[in-house]
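1. Quick one: sequence and predicted model below, then my questions.
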Amino acid sequence: MSIMLVLWIVWAVVTALLLALLAYRGTLTRYEEDQLFLDPAGGHQQQEQALIVQKCNRIQPFVRIMTGATCVLSATIIGIYVWDAISQFK
């Protein structure tokens, strides 16, 4: 296998993981309220919102890591293609 094939496979896996994490975060935040009017009877809503925020905060580092990895891999792949194009003109 060539290095480009391996890079494309790794990029596809990392990007698929990133998209899965973003979809999961989207399903979590779908039920998040922008504004809560809390009264003594609405304590369970506050707990639900706190749980949603906690889950989102838990996956946020993974989203950042996958985004960074996708960007680095994309730049690497583009760089290799540019380097190959420049070396063919010489």
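-> Received, thanks.

2. Check which helices and strands the longest helix anywhere in the chain sits against.
-> For the chain, the helix reaching the highest residue count under DSSP state H is reported as helix 43-89. Identification of packing neighbours for helix 43-89 by 3 or more Cβ pairs under 8 Å, 6 or more residues apart in numbering; DSSP states H and E yields helix 3-29. Where C-beta positions appear, they are placed from N, C-alpha and C, glycine not excepted.

3. Can you mark which positions in the helix it packs on are buried?
-> By neighbour count, and taking 16 or more other Cβ atoms under 10 Å as the criterion, the buried residues in helix 3-29 are W11, V14, T15, L17, L18, L21, R25, L28.

4. so where is this structure shaky, pLDDT-wise?
-> Across the chain, the ranges flagged by pLDDT under 70 are 31-42.

5. please redo it, this time with the cut-off set to 80
-> Residues of the chain meeting the criterion pLDDT under 80: 1, 31-49.

6. Helix 3-29 and the longest helix of the chain, what's the angle between them?
-> On the basis of axes from the mean of the first three to the mean of the last three Cα atoms, to 10 degrees, helix 43-89 is oriented at 160 degrees to helix 3-29.

7. Run the chain-centre distance for helix 43-89.
-> Between the centre of helix 43-89 and the centre of its host chain there is 4 Å, according to Cα atoms, centre = their mean, to the nearest Å.

8. Use 51 as the first number from now on
-> OK, 51 is where the count begins now, so the last one is helix 93-139.

9. Could you export the buried residues of helix 53-79 to CSV, including columns for distance to A100?
-> Formatted as CSV, these follow (distance: Cβ to Cβ, whole Å):
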residue, distance to A100
W61, 36
V64, 31
T65, 31
L67, 27
L68, 26
L71, 21
R75, 16
L78, 13
